[in-house]
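*Asks:* model this:
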Amino acid sequence: MKMKNFNTSKIIGIDHGYGNMKTANFCFPTGIIAYDSEPLFTADMLSFNGKYYLIGEGHKEFAPDKIKDEDYYILTLAAIAKELKAEGISETDVHIAAGLPLTWTSGQKADFAAYLAKNKEVDFTYKKAEYHIRITGVSIYPQGYAAIATFATKLTGINLIADIGNGTMNVLYMINGKPQSGKMFTEKFGTYQCTLAVREAFMQKTQREINDYIIEEVLRTGTADISAADLKIIKSVASEYVRDIFRRLREHGYDESTMKLYVTGGGGCLVKHFCKTNPDRMVFVEDICAAAKGYEYLAEIQLSVGKGV
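*Replies:* Residues are numbered from 1 along each chain as shown. Alright, predicted model coming up:
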């Protein structure tokens, strides 16, 4: 996807997920380990302000407030570097377009924007390449809506958007392409909750631990190279999790016969593999980078009409 521009700035959309960081063209795990001295393995190393960070290592635990530490700031620099490298750029102005869960956007928007823009000029090294960027602005948009923003105006009738991420599930009602501000919901019910439930059930039934990689592979693809008995345990928990998703959607007024459901985010894989779906009433937005692309799309429109951030 070609990079968008506004004046001298490159508009870079970043989806700060709890499981993965996404830009318009890249996806990498939301993991980070900090070191005071250069680590032994440096393939994915970012250095900034005298510290060293291995990007994509470890697993960052769910935290409603993303600005409580430096982690998401460093991950943001890595995301920007990936996009700039693809364009052969090492020095430029950058306008960041990012997002927050639907019902948290208004309360955290200003703080998150300030967090991302706290250094107007930033020098750092990522994967042995040096970068010098100037942050010219930050725009924050609601998660869920961003993933369907590029075609939202074409929607007719009542549509329900379910953005199922690693940490949260965002639910938004649309009527004839317009979001209904009074019908937005955010729940801490992302796919990581399913992973935790699988872990617990597996230990109870087998007295063995199971690696998260295997769990995630089954959730993502519906299967894995493991025994039939072990696979059955994971599938059973995943199916119950998906049933719970639809129970929660119905609590928020979802009615399959009168509205179409758009499923976005990584959790869409679970719905696809562990639920009998009606293709006439359910649409999967399968592009994992859809939200990041949506942030860029919304920022370009907003900036071009002079509304700034």
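*Asks:* Would you state the strands of the stretch 101-250 of the chain in chain order?
*Replies:* Counting by DSSP state E, counting those that start in this stretch, the stretch 101-250 of the chain has strands at residues 121-126, 129-142, 158-164, 169-175, 178-187.
*Asks:* Which of those strands comes out lowest on mean pLDDT?
*Replies:* The weakest mean pLDDT among the strands of the stretch 101-250 of the chain belongs to strand 178-187, with a mean of 92.
*Asks:* Can you give the contact residues for that strand?
*Replies:* The contact list for strand 178-187 (Cβ atoms under 8 Å, 6 or more residues apart in numbering) reads 101-104, 142, 144-145, 152, 168-174, 248, 252-253. C-beta: built from backbone N, CA, C; applies to glycine.
*Asks:* same deal with stretch 278-288?
*Replies:* The set of residues external to stretch 278-288 that reach it, using Cβ under 8 Å, 6+ apart, is 20, 22, 27, 147-148, 256-257, 260-264, 266, 268, 271-272, 293.
*Asks:* Swap in 10 Å and give it another go.
*Replies:* For stretch 278-288, contacts defined as Cβ atoms under 10 Å, 6 or more residues apart in numbering pick out 15, 17, 20, 22, 24, 26-27, 147-148, 151, 155, 159-163, 256-266, 268-269, 271-272, 275, 277, 291, 293-294.
*Asks:* need the helices for the protein, in chain order.
*Replies:* Per DSSP state H, the chain carries helices over the ranges 71-86, 105-116, 145-148, 191-206, 212-221, 228-251, 268-274, 290-304.
*Asks:* The third one packs against which elements?
*Replies:* Going back to what we said before, that points to helix 145-148. On a contact count with 3 or more Cβ pairs under 10 Å, 6 or more residues apart in numbering; DSSP states H and E, helix 145-148 meets strand 91-100, strand 158-164, strand 169-175, strand 178-187, strand 260-264, helix 290-304.
*Asks:* mind running it again at 7 Å?
*Replies:* For helix 145-148, the elements it packs on are strand 158-164, strand 260-264, helix 290-304, judged by 3 or more Cβ pairs under 7 Å, 6 or more residues apart in numbering; DSSP states H and E.
*Asks:* just how off-centre is it within its chain?
*Replies:* Centroid displacement of helix 145-148 relative to its chain, using Cα atoms, centre = their mean, to the nearest Å, is 11 Å.
*Asks:* contacts for it?
*Replies:* Contact with helix 145-148 is made by 99, 161, 163, 172, 179, 262, 264, 285, 290-291, 294-295, 298, as judged by Cβ atoms under 7 Å, 6 or more residues apart in numbering.
*Asks:* got the helices and strands packed on helix 145-148 as a markdown table, with mean neighbour count columns?
*Replies:* Output for the helices and strands packed on helix 145-148, formatted as a markdown table (neighbours: other Cβ atoms under 10 Å):
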| stretch | mean neighbour count |
| --- | --- |
| strand 158-164 | 24 |
| strand 260-264 | 23 |
| helix 290-304 | 22 |
